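*Asks:* Predicted model, plus sequence, below.
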Amino acid sequence: MHKLDLQNLLDIAKEASLLSGARILEIYGSDNFDVELKGDNSPLTIADKEAHDIICSFLEPTNIPILSEEGSKISYDERRDWDYFWLVDPLDGTKEFIKRNGEFTVNIALIKGDQPIMGVVYAPVLNWLYWGIKGESAFKEDKSGVRTIHTAATDLGAKNLKVVASRSHLNEETEKFLSSLDDPEIVSMGSSLKFLLVAENKANVYPRYAPTMEWDTGAAHAIVLAAGGKMYKEPGREPFVYNKENLLNPHFLVVG
């Protein structure tokens with residue numbers, strides 16, 4: 001495939017995230033979430049479905065394949081040879097959405113081979129928009145304007161590290177990781193925003209010892225990379241890859 005115009009694709013992804021986020025907000029403000037359960041008992045709302053349709057209407061004209069949580073289940077035989085593809089989670093944090101705590105996001109990543117190279121994450125209620133291109137820079141836009149964001153270099157042996165721990169996933173393996181640190185401070189946040197606390201240096205490390213799927217992590221992973229951070233498989237600290245035959249992620253560690 002020829003070299004892509006990443007800046008143009010980034011602009012398309014940002015517009016898609018903002019417009020789908022606006023539609024999610026309309027549904028969020030209504031009483032009709034139309035919640036149903038998927039096969040794994042995770043919730044699905046009309047907001048997930050409508051956001052997916054809006055995002056695809058922007059991404060399809062790019063002629064780059066789309067792998068979305070709410071899209072068709074594309075076989076590995078079909079996607080294994082993709083050079084580039086969009087990886088989309090139209091509404092990450094559906095439980096947060098249903099609980100109305102505002103900590104949910106729209107996530108759009110561009111993957112090259114098995115690595116994320118660009119990401120956009122939008123939190124509609126908070127009106128925070130994050131984006132980044134790997135090897136370039138990462139940014140956050142909020143009511144105070146646009147600014148560049150950077151991770152902080154992190155030594156896991158340091159005292160009082162700020163650790164992002166999920167409210168709903170503080171399991172035995174997470175507790176074990178926390179006990180290996182020197183008097184850590186716990187920071188909580190929902191959905192893919194946990195990555196972005198590391199990306200913008202509001203936290204040092206995000207350990208995840210609970211199930212996630214590729215679309216849950218791709219966009220925020222790209223932004224962490226653009227902000228100077230790293231993400232590893234746990235245990236072993238091996239590189240984290242995408243477009244696997246099984247789209248379930250291994251456990252991971254995000255560090256500044």
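*Replies:* That came through fine.

*Asks:* other SSEs contacting the helix or strand containing Thr148?
*Replies:* Thr148 belongs to strand 145-149 when assigned by DSSP states H and E. Other elements packing on strand 145-149 under the criterion 3 or more CB pairs under 8 Å, 6 or more residues apart in numbering; DSSP states H and E are strand 138-142. All C-beta atoms are positioned from the backbone trio N, CA, C, and that covers glycine.

*Asks:* now the strands for this protein?
*Replies:* Ranges of strands in the chain, per DSSP state E, are 36-37, 43-44, 66-68, 84-92, 105-112, 115-123, 128-133, 138-142, 145-149, 162-164, 185-187, 205-208, 230-233, 252-255.

*Asks:* Out of those strands, which gets the lowest mean score?
*Replies:* Looking at the strands of the chain, the lowest mean pLDDT belongs to strand 43-44 (a mean of 58).

*Asks:* Format the strands of the chain as TSV; extra columns: distance to Lys99.
*Replies:* As requested, the strands of the chain are exported to TSV (distance: least, CB to CB, whole Å):
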stretch	distance to Lys99
strand 36-37	16
strand 43-44	10
strand 66-68	23
strand 84-92	13
strand 105-112	14
strand 115-123	15
strand 128-133	18
strand 138-142	22
strand 145-149	27
strand 162-164	19
strand 185-187	19
strand 205-208	20
strand 230-233	27
strand 252-255	24
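
*Asks:* so which of those strands gets nearest Ser30?
*Replies:* Among the strands of the chain, the nearest to Ser30 by CB to CB is strand 84-92 (14.9 Å).

*Asks:* need the longest helix for the protein.
*Replies:* For the chain, the longest helix by residue count, based on DSSP state H, is helix 6-28.

*Asks:* hang on, the earlier thing: nearest to Ile98, of the strands of the chain?
*Replies:* strand 43-44 (6.0 Å).

*Asks:* For the strand holding Thr148, which residues meet the burial criterion?
*Replies:* Ile149 (16 or more other CB atoms under 10 Å).

*Asks:* Just checking the distance from that strand to the centre of its chain.
*Replies:* Centroid separation for strand 145-149 versus its chain: 19 Å, with CA atoms, centre = their mean, to the nearest Å.

*Asks:* Grab the CA positions of it and hand them over as PDB.
*Replies:* Extracted C-alpha coordinates of strand 145-149, given in PDB (Å, rounded to 0.1, in the frame of the first residue of the first chain):
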ATOM      1  CA  GLY A 145      -7.400  24.900  24.600                       C
ATOM      2  CA  VAL A 146      -4.900  22.500  22.900                       C
ATOM      3  CA  ARG A 147      -1.700  21.400  24.600                       C
ATOM      4  CA  THR A 148       1.000  18.900  23.900                       C
ATOM      5  CA  ILE A 149       1.100  16.000  26.500                       C
END
